[in-house]
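Colleague: Kindly return the folded structure for what I paste below:
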Amino acid sequence: MPAESRNADSGVTLGAHGLFVILAATALALLSTPLAAPAMPEIAKVFAENAQNEPFARAILSAISILPGEPSVIFLVKFILLSIPALFIILGAPVVGWLSDNIGRKSLLNVSLLIFGIAGTSGYFADSFFFMFVGRAILGLSIAGIKTATVAMVGDYYEGAERNRVIGWQGSAMKFGGVIFMLLGGFLANFSWQAPFLGYMLAFVILPSGLIALSQRLPVARATASLEDSSLPAIPLGSASYVFISAFLASALFFITPVQLPFYLRNAFNATPFEMGAAIALGNTIGALTSLTYHRFKNRLNFVGIYAVIYLSMALGYLVVASASSYAMALLGMIIAGTGFGLYVPNQSSWILSIVSQKRRGFGVGIVTTAMFLGQFSAPILVQPFIDPTNPAAVWTAVSYTLFGLAVVYVFLSRFSSRHA
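Modeller: Okay, here's the model as predicted:
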């Protein structure tokens with residue numbers, strides 16, 4: 001890891017302490033899902049009565065009754081814990097991206113870390129679906145700020161092959177964070193459904209470093225930007241749409257794992273909360289290791305070709321999960337799928353940074369963050385029609401076939417895409 005990076009445009013340097021803050025904050029951005037996921041079955045039990053008696057819960061169930069499948073307390077828990085943060089990231093990411101371009105990344109990141117810690121921990125005190133809903137909504141806005149600021153900072157300080165290497169580290173930080181948080185969530189869920197929410201207090205550990213280590217000033221010297229650059233659109237519409245769609249698909253199909261795997265493992269193999277967390281953590285561990293080699297994939301393939309690899313590895317892994325006859329075989333499926341888990345985040349980040357102008361980098365990253373979390377938001381909804389109480393593997397079979405189809409399409413498209421597409 002380089003001790004220091006210097007942006008040639010402005011002379012602003014980033015030391016090892018600053019890079020640590022960016023990577024640690026990036027890891028936190030993935031905390032909302034894995035930390036709470038192992039506790040979802042127990043939360044559904046505890047809040048079952050609330051779903052019938054609480055007006056807010058009844059209203060949400062009524063509103064989502066138009067969606068495919070039959071709404072239940074389990075669906076409601078997944079919707080609030082997983083989809084609501086994603087919804088508010090979707091709504092907030094373009095706005096916070098614009099803010100990062102105009103008020104500075106450091107201010108945005110530190111305020112977001114503070115809000116993240118408060119809103120995440122609030123779940124420990126939740127006694128109603130409404131309370132939990134409000135906390136998860138505010139949490140989503142803070143995640144949008146963290147994710148947008150940290151990715152844009154990598155674009156500010158690095159370029160070329162060095163940027164791809166650091167983006168790989170950033171993706172690895174997210175996945176290793178997912179491993180730690182999933183194991184922590186599974187461990188704490190053995191004590192109570194509330195305990196995992198205390199993990200969000202990790203944001204308060206990083207916040208002091210964020211206040212000290214990062215420069216308030218944007219590395220890009222906006223004052224010297226040319227008039228031509230100022231007149232450019234925020235992002236090239238055609239290329240950005242390609243990135244947006246690819247990021248949405250990969251994210252939605254990845255988030256099938258934290259959404260559905262705990263329930264599948266419990267029903268199929270009577271897994272404990274810790275075993276549920278360990279299975280997801282294993283996939284993220286492989287993903288974290290793969291992320292570290294992202295620059296090697298990029299040296300050989302274009303962005304579209306890398307997405308073909310992502311979809312193929314996830315398809316094979318999910319097919320193994322669907323056919324698993326034991327918990328150990330399900331773990332093998334997570335190992336295979338882990339390659340795809342590790343590539344999709346750095347690939348979408350590198351792609352958007354390669355096409356967005358420097359002055360509009362935060363907004364461009366915000367748009368792709370919206371796509372990523374639109375996928376997360378959609379995951380519980382997309383899998384609902386395929387859930388068969390008599391066949392726990394039905395979801396995994398359907399998703400694996402979908403991924404095989406996408407892999408074929410992206411292999412074809414990659415042959416007609418440039419090296420930079």
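Colleague: Which secondary structure element of this protein has the lowest mean pLDDT?
Modeller: helix 227-230 (a mean of 43; mean pLDDT, DSSP states H and E).
Colleague: other SSEs contacting the following helix or strand past that one?
Modeller: The first helix or strand that comes after helix 227-230 along the chain, using DSSP states H and E, is helix 237-254. Counting by 3 or more CB pairs under 8 Å, 6 or more residues apart in numbering; DSSP states H and E, the packing neighbours recorded for helix 237-254 are helix 303-322, helix 327-355, helix 361-383, helix 394-414. Every C-beta, even on glycine, is put in place using the N, C-alpha and C of the backbone.
Colleague: For residue 88, which of those helices is the nearest?
Modeller: Minimum separation from residue 88 across the helices and strands packed on helix 237-254 (CB to CB) falls at helix 361-383, 8.7 Å.
Colleague: quick one on the thing from earlier: reformat the helices and strands packed on helix 237-254 as TSV; add mean neighbour count.
Modeller: Compiled in TSV, the helices and strands packed on helix 237-254 are given as follows (neighbours: other CB atoms under 10 Å):
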stretch	mean neighbour count
helix 303-322	24
helix 327-355	24
helix 361-383	25
helix 394-414	19
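Colleague: which one of those helices lies closest to residue 211?
Modeller: Among those, helix 361-383 comes nearest to residue 211, with 19.8 Å by CB to CB.
Colleague: Just checking the distance from the closest one to the centre of its chain.
Modeller: Chain-centre distance of helix 361-383: 8 Å, with CA atoms, centre = their mean, to the nearest Å.
Colleague: For residue 177, give me its contacts.
Modeller: By CB atoms under 8 Å, 6 or more residues apart in numbering, the contact list for residue 177 reads 26-28, 30-31.
Colleague: so for the helix or strand harbouring it, what's the average pLDDT?
Modeller: Using DSSP H and E, the element containing residue 177 is helix 160-189. The predicted model assigns helix 160-189 a mean pLDDT of 83.
Colleague: and if you look at stretch 334-352?
Modeller: Here stretch 334-352 scores 91 as its mean pLDDT.
Colleague: then it to PDB, C-alphas only?
Modeller: Presented in PDB, the C-alpha positions along stretch 334-352 are these (Å, rounded to 0.1, in the frame of the first residue of the first chain):
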ATOM      1  CA  MET A 334     -20.800 -19.500  -1.700                       C
ATOM      2  CA  ILE A 335     -17.100 -20.100  -2.400                       C
ATOM      3  CA  ILE A 336     -17.800 -20.300  -6.100                       C
ATOM      4  CA  ALA A 337     -20.200 -17.300  -6.200                       C
ATOM      5  CA  GLY A 338     -17.600 -15.300  -4.100                       C
ATOM      6  CA  THR A 339     -15.600 -14.500  -7.200                       C
ATOM      7  CA  GLY A 340     -18.500 -12.500  -8.600                       C
ATOM      8  CA  PHE A 341     -19.200 -11.000  -5.200                       C
ATOM      9  CA  GLY A 342     -15.700  -9.500  -5.200                       C
ATOM     10  CA  LEU A 343     -15.600  -8.000  -8.700                       C
ATOM     11  CA  TYR A 344     -18.900  -6.200  -9.200                       C
ATOM     12  CA  VAL A 345     -18.300  -3.300  -6.800                       C
ATOM     13  CA  PRO A 346     -14.800  -2.300  -8.000                       C
ATOM     14  CA  ASN A 347     -15.900  -2.900 -11.600                       C
ATOM     15  CA  GLN A 348     -18.800  -0.400 -11.400                       C
ATOM     16  CA  SER A 349     -16.700   2.100  -9.500                       C
ATOM     17  CA  SER A 350     -13.800   2.000 -12.000                       C
ATOM     18  CA  TRP A 351     -16.200   2.200 -14.900                       C
ATOM     19  CA  ILE A 352     -18.000   5.300 -13.800                       C
END
